[in-house]
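Student: Next one to model:
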Amino acid sequence: MENRPEFIVGIDVSSEYFTCAAGQAKDKWKISLLPQDFDNKTSGFNKFSQWLQKAGIEKEKAVICMEKTGVYNELLVAFLCKQGYRVCVEDPIKVKKAFKPHGIKSDSVDSKQIAEYGWRFFDQLHYWKPLSETIEKVKTLLSVREDLVKANTADKNRLHAFRRKAYRVQLAEDILESNIAERDKEIKAIEKEIDKLIHQLPYLAQIFRNLQTIPRCKLLLAANFLVFFHEFDGEITYKKAAGRLGICPYEHSSGSSIKKRAKSFGHGTGTIRKLLHLAAC
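Tutor: Numbering: from 1, shown residues only. Here you go, the predicted model:
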């Protein structure tokens, strides 16, 4: 990343609104623009852009930093990138660990801390890059499929229990069987749509086929890997990938008394870990 810009803007995003603060560092870091709230919708985005312009914070002089908040910040990030702003979306845990615990917790304080975090750790930030429309659609379909599979597993367990009862209720069993069969159809339709979407883009289709040459790596695991690597920040290495997936073993020892087997923390994308385990089996 290039030299530190003149301004760092910190944004704390919630469902209904977002809070912004801006700071700059000449002799030392200071907040130059006090926190301000804006509606988390298009009208609020436009007011926020105007607010920056009135304060003399031009696109070329600023970097905007915020935390990952699921879907709450997606529209805002897309709007800012379209306007030409440089945006960084950081892990909330990294931001939290950068500051000492204190008693005050508010959106205003958080926005100022995010701005300061962006200034202090600027050399470690990565600019946010939008995923392609195809990858976003595949990601959504994979998420829905995972929910359907979990619901089917729950209903199958319930159906198994109901069939072992002393007094069975046929209507209850029929409803569960119908739900399971309907979800199975929806799961197959989703898998078909995922395959269709990926093959619409030649470069994605080629990567997809290459992944499937790996033993036991079929459509589902290959599609999850496509999304995973497209979301990766910075250079992709096997160590970073293993750490991000939560399969990297970490040493647990101290002196001569503590000596435990190295194991992973289990953080990261659980779906891919599950699929890797099934493939390995």
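Student: Every contact and neighbour count from this point should use C-alpha atoms.
Tutor: Will do.
Student: Now N224. Nearest residue, chain neighbours left out?
Tutor: Closest residue to N224 apart from its sequence neighbours, by CA to CA, 6 or more residues apart in numbering: I272 at 6.6 Å.
Student: any idea of the mean pLDDT for the helix or strand where L220 lies?
Tutor: If you go by DSSP states H and E, L220 is part of helix 219-230. Mean per-residue pLDDT for helix 219-230: 90.
Student: helices or strands next to the helix or strand that contains I8 in the packing?
Tutor: Element membership of I8 [criterion: DSSP H and E] is strand 7-13. Applying 3 or more CA pairs under 8 Å, 6 or more residues apart in numbering; DSSP states H and E, we find strand 7-13 packed against strand 17-25, strand 62-67, helix 107-120.
Student: Just the C-alphas of the last one, formatted as CSV.
Tutor: What follows is the C-alpha trace of helix 107-120 in CSV, where atoms were taken according to Å, rounded to 0.1, in the frame of the first residue of the first chain:
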residue,chain,number,x,y,z
ASP,A,107,-20.8,4.3,18.1
SER,A,108,-19.0,7.7,18.4
VAL,A,109,-16.1,6.1,20.3
ASP,A,110,-16.0,3.2,17.9
SER,A,111,-15.9,5.4,14.8
LYS,A,112,-12.9,7.4,16.3
GLN,A,113,-11.1,4.2,17.2
ILE,A,114,-11.6,2.7,13.7
ALA,A,115,-10.1,5.9,12.2
GLU,A,116,-7.1,5.7,14.6
TYR,A,117,-6.7,2.0,13.8
GLY,A,118,-6.5,2.9,10.1
TRP,A,119,-3.8,5.4,10.8
ARG,A,120,-1.7,3.2,13.1
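Student: ok, A280 - contacts?
Tutor: Residues counted as contacts of A280 (CA atoms under 8 Å, 6 or more residues apart in numbering) are R216.
Student: What separation do you get for it and R273?
Tutor: Using CA to CA, to the nearest Å, A280 is found at 10 Å from R273.
Student: Could you do L148 as well?
Tutor: 18 Å.
Student: could the helices and strands packed on strand 7-13 go into CSV alongside distance to E133?
Tutor: Output for the helices and strands packed on strand 7-13, formatted as CSV (distance: least, CA to CA, whole Å):
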stretch, distance to E133
strand 17-25, 25
strand 62-67, 22
helix 107-120, 28
